[in-house]
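1. Pasting a predicted model and its sequence here:
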Amino acid sequence: MLNIRRKEYEALRQHGEETYPHECCGVLLGQMDEDGVRTVTSVARAGNTRTDSAHNRYNIDPKELVRIQREGRERGEDIIGFYHSHPDHPAQWSKTDLEEAHWIGCSYVITRVAAGKADVTNSFELTGTDEADKAFADEKVEVE
(Lines give C-alpha, C1' and ligand atoms only; values in the text may rest on other atoms or scores of the structure.)
Protein backbone atom coordinates (compact mmCIF):
# COMPACT_ATOMS: atom_id res chain seq x y z
CA MET A 1 0.00 0.00 0.00
CA LEU A 2 1.06 3.57 -0.68
CA ASN A 3 0.21 6.33 1.80
CA ILE A 4 0.50 9.86 0.48
CA ARG A 5 -0.54 13.21 1.89
CA ARG A 6 -2.97 15.31 -0.14
CA LYS A 7 -0.27 17.97 -0.72
CA GLU A 8 2.15 15.53 -2.41
CA TYR A 9 -0.67 13.78 -4.28
CA GLU A 10 -1.88 17.06 -5.75
CA ALA A 11 1.71 18.14 -6.53
CA LEU A 12 2.43 15.13 -8.73
CA ARG A 13 -0.93 15.49 -10.50
CA GLN A 14 -0.30 19.20 -11.09
CA HIS A 15 3.12 18.35 -12.51
CA GLY A 16 1.37 16.24 -15.16
CA GLU A 17 -0.95 19.11 -16.04
CA GLU A 18 1.97 21.53 -16.37
CA THR A 19 3.92 19.30 -18.76
CA TYR A 20 0.90 18.24 -20.86
CA PRO A 21 0.95 17.09 -23.68
CA HIS A 22 4.29 15.58 -22.63
CA GLU A 23 4.88 13.08 -19.85
CA CYS A 24 6.12 14.37 -16.53
CA CYS A 25 8.22 12.30 -14.16
CA GLY A 26 9.49 12.40 -10.63
CA VAL A 27 10.50 10.54 -7.51
CA LEU A 28 8.56 9.56 -4.39
CA LEU A 29 10.58 9.87 -1.18
CA GLY A 30 9.71 8.56 2.26
CA GLN A 31 9.87 5.35 4.27
CA MET A 32 8.70 1.77 4.01
CA ASP A 33 7.56 0.06 7.21
CA GLU A 34 8.03 -3.58 8.22
CA ASP A 35 4.68 -4.49 6.62
CA GLY A 36 5.77 -3.12 3.25
CA VAL A 37 3.60 0.01 3.45
CA ARG A 38 5.31 2.90 1.71
CA THR A 39 4.64 6.37 3.13
CA VAL A 40 5.46 9.36 0.92
CA THR A 41 6.86 12.34 2.81
CA SER A 42 7.95 14.35 -0.24
CA VAL A 43 7.99 14.27 -4.01
CA ALA A 44 10.82 15.49 -6.22
CA ARG A 45 10.14 16.65 -9.74
CA ALA A 46 12.55 15.42 -12.38
CA GLY A 47 13.10 16.59 -15.91
CA ASN A 48 11.97 14.29 -18.71
CA THR A 49 15.12 13.85 -20.78
CA ARG A 50 13.33 12.07 -23.64
CA THR A 51 13.47 14.25 -26.73
CA ASP A 52 12.36 11.65 -29.28
CA SER A 53 8.90 10.86 -27.84
CA ALA A 54 8.29 12.89 -24.68
CA HIS A 55 4.54 12.67 -25.30
CA ASN A 56 4.53 8.95 -24.45
CA ARG A 57 7.90 8.14 -22.84
CA TYR A 58 9.99 9.47 -19.99
CA ASN A 59 13.51 9.16 -18.67
CA ILE A 60 15.13 10.59 -15.55
CA ASP A 61 18.78 11.55 -15.95
CA PRO A 62 20.83 9.26 -13.66
CA LYS A 63 22.77 12.27 -12.31
CA GLU A 64 19.50 13.94 -11.32
CA LEU A 65 18.30 10.72 -9.68
CA VAL A 66 21.51 10.48 -7.63
CA ARG A 67 21.09 14.12 -6.55
CA ILE A 68 17.46 13.51 -5.52
CA GLN A 69 18.49 10.37 -3.62
CA ARG A 70 21.33 12.20 -1.82
CA GLU A 71 19.09 15.13 -0.84
CA GLY A 72 16.43 12.72 0.40
CA ARG A 73 18.91 10.80 2.53
CA GLU A 74 20.01 14.07 4.14
CA ARG A 75 16.38 14.46 5.28
CA GLY A 76 16.10 10.81 6.36
CA GLU A 77 14.09 9.77 3.31
CA ASP A 78 14.58 6.88 0.90
CA ILE A 79 13.42 6.50 -2.69
CA ILE A 80 10.20 4.51 -2.37
CA GLY A 81 8.81 5.05 -5.84
CA PHE A 82 8.45 7.01 -9.01
CA TYR A 83 5.65 8.83 -10.79
CA HIS A 84 4.85 9.85 -14.32
CA SER A 85 1.89 10.96 -16.38
CA HIS A 86 0.09 9.46 -19.35
CA PRO A 87 -1.23 12.31 -21.51
CA ASP A 88 -4.58 11.27 -22.99
CA HIS A 89 -3.97 7.59 -22.15
CA PRO A 90 -5.18 5.40 -19.27
CA ALA A 91 -3.47 5.47 -15.87
CA GLN A 92 -2.27 1.91 -16.46
CA TRP A 93 1.26 0.66 -16.98
CA SER A 94 2.44 -0.09 -20.47
CA LYS A 95 4.84 -2.75 -21.73
CA THR A 96 7.48 -0.02 -21.98
CA ASP A 97 6.78 1.10 -18.40
CA LEU A 98 7.47 -2.44 -17.19
CA GLU A 99 10.57 -2.86 -19.36
CA GLU A 100 12.05 0.39 -18.03
CA ALA A 101 11.14 -0.18 -14.35
CA HIS A 102 14.05 -1.53 -12.33
CA TRP A 103 13.46 -0.61 -8.68
CA ILE A 104 11.85 -3.79 -7.35
CA GLY A 105 9.77 -3.14 -4.24
CA CYS A 106 9.01 0.44 -5.24
CA SER A 107 5.73 2.08 -6.18
CA TYR A 108 5.12 3.36 -9.70
CA VAL A 109 2.37 5.98 -9.79
CA ILE A 110 0.73 6.88 -13.09
CA THR A 111 -1.69 9.77 -13.62
CA ARG A 112 -3.85 10.10 -16.69
CA VAL A 113 -3.95 13.69 -17.88
CA ALA A 114 -6.93 14.03 -20.20
CA ALA A 115 -7.09 17.19 -22.31
CA GLY A 116 -4.71 18.88 -19.86
CA LYS A 117 -6.51 17.87 -16.65
CA ALA A 118 -5.32 15.16 -14.25
CA ASP A 119 -8.25 12.86 -13.61
CA VAL A 120 -7.17 9.32 -12.65
CA THR A 121 -4.14 8.31 -10.58
CA ASN A 122 -3.18 4.67 -9.97
CA SER A 123 -0.21 2.98 -8.34
CA PHE A 124 1.56 -0.28 -9.07
CA GLU A 125 4.19 -2.08 -7.02
CA LEU A 126 7.11 -3.55 -8.94
CA THR A 127 7.34 -7.11 -7.62
CA GLY A 128 9.76 -9.96 -8.27
CA THR A 129 13.32 -10.83 -7.45
CA ASP A 130 15.15 -9.67 -10.58
CA GLU A 131 14.66 -8.51 -14.17
CA ALA A 132 13.58 -11.98 -15.31
CA ASP A 133 10.49 -12.22 -13.09
CA LYS A 134 9.57 -8.61 -12.37
CA ALA A 135 5.90 -7.66 -12.68
CA PHE A 136 3.56 -4.86 -11.72
CA ALA A 137 0.86 -5.49 -9.12
CA ASP A 138 -2.05 -3.13 -8.47
CA GLU A 139 -1.41 -1.14 -5.32
CA LYS A 140 -3.91 0.60 -3.07
CA VAL A 141 -3.32 4.32 -2.64
CA GLU A 142 -4.46 6.04 0.54
CA VAL A 143 -4.53 9.82 0.29
CA GLU A 144 -4.43 11.49 3.71
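-> Done, it's in. Numbers count the residues shown, from 1 in each chain.

2. Quick check: phi and psi on the residue nearest to the spatial centre of the chain?
-> Of all residues in the chain, the one closest to the mean position by CA atoms, centre = their mean is Tyr83, 1.6 Å from it. Backbone torsions for Tyr83, taken as degrees, to the nearest 10, come to phi -140, psi 150.

3. And for Arg73?
-> Arg73 adopts backbone torsions of phi -60, psi -40, taken as degrees, to the nearest 10.

4. residues touching it, list them.
-> Arg73 makes contact with no residue under the criterion CB atoms under 8 Å, 6 or more residues apart in numbering. Backbone N, C-alpha and C define where each C-beta goes, glycine included.

5. what's the helix or strand for Ile68?
-> helix 62-74 (DSSP states H and E).

6. Tell me how many other residues crowd the nearest residue to the residue nearest to the centre of the chain once chain neighbours are set aside.
-> Using CB to CB, 6 or more residues apart in numbering and skipping residues adjacent in sequence, the residue nearest Tyr83 is Val109, 4.0 Å away. Each residue near Val109 was counted by other CB atoms under 10 Å, and the total is 25.

7. What helix or strand is Val109 located in?
-> With DSSP H and E as the criterion, the answer for Val109 is strand 107-114.

8. Which elements pack onto that strand?
-> Using 3 or more CB pairs under 8 Å, 6 or more residues apart in numbering; DSSP states H and E as the contact test, the elements touching strand 107-114 are helix 6-19, strand 78-87, strand 117-127.

9. will you turn those into a markdown table that also has mean pLDDT?
-> Listed next are the helices and strands packed on strand 107-114 as a markdown table, based on pLDDT from 0 to 100:
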| stretch | mean pLDDT |
| --- | --- |
| helix 6-19 | 98 |
| strand 78-87 | 98 |
| strand 117-127 | 98 |
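
10. Mean neighbour count, those: which tops it?
-> With neighbours defined by mean count of other CB atoms under 10 Å, none of the helices and strands packed on strand 107-114 is more surrounded on average than strand 78-87, at a mean of 23.

11. which other helices and strands contact it?
-> For strand 78-87, where contacts count as 3+ CB pairs under 8 Å, 6+ apart, the packed elements are helix 6-19, strand 25-32, strand 38-46, helix 62-74, strand 107-114.
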